[in-house]
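# just coords:
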């Protein structure tokens, strides 16, 4: 089973979507989804005293301008295991770009976590939470423009757009000549 192509994302973005975890909260190891196998590739260790401030994964069956599935940070009271699947709700996003172009990050809550399930919008989080997330990307990536934080409505639209683009490109992404 390939995490990007074979895991169903869900049915209604406003209710929930599934996210496949790549990196546990607190980890210093950066992993990438190996597109051909669906396994995780150990990419590198983070260079400074920086660690992932939230669980980090992708939304299956989504596609972005950088050629990858849409990234998602999942807030939960526990670190989630790599390749585990969580039911999530978008509460916001960070509009970002890097050397490859747009690189938005969805901010979501694990809807089966009673500590986070009640959040509906990023504005409800303690202010320091998003400051920490933004700082992580500034420190973690060499060339990055960390833009504005947007609420749940714009985040849901970003997810829906990425799911729609994937559906349009599905044949070329999953066929015999798919990217590796």
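Perfect, I can see it now. These numbers were taken from a predicted model, which means no experiment stands behind them.
# roughly how far out does stretch 124-133 sit from the chain middle?
Counting by CA atoms, centre = their mean, to the nearest Å, stretch 124-133 is centred 17 Å from the centre of its parent chain.
# where does residue 72 fall, helix, sheet strand or coil?
strand (DSSP: H, G, I helix; E, B strand; the rest coil).
# what is the neighbour count of it?
Burial of residue 72 is recorded as 29 neighbouring residues (other CB atoms under 10 Å). C-betas here are computed from N, CA, C, even on glycine.
# so it touches residue 86, yeah?
No. At 9.2 Å, residue 72 and residue 86 do not qualify as touching, with contact defined as CB atoms under 8 Å.
# what do the two both touch?
19, 57 (CB atoms under 8 Å, 6 or more residues apart in numbering).
# residues contacting the residue nearest to residue 122 when sequence neighbours are not counted?
Closest residue to residue 122 apart from its sequence neighbours, by CB to CB, 6 or more residues apart in numbering: residue 92 at 2.8 Å. Residue 92 makes contact with 106, 107, 121, 122, 123, 130, 149, 150, 151, 152, 154, 155 under the criterion CB under 8 Å, 6+ apart.
# same thing but at 10 Å, please
73, 105-109, 119-125, 130, 133, 149-156 (CB atoms under 10 Å, 6 or more residues apart in numbering).
# helices - which of the residues you listed land there?
Mapping these onto helices (DSSP state H) picks out 130, 133, 152, 153, 154, 155, 156.
# got the phi and psi for the residue nearest to the fifth one when sequence neighbours are not counted?
The shortest distance from residue 154 to any residue that is not its chain neighbour, by CB to CB, 6+ apart, is 6.4 Å, and that residue is residue 93. Backbone dihedrals for residue 93, given as degrees, to the nearest 10, come out at phi -160, psi 160.
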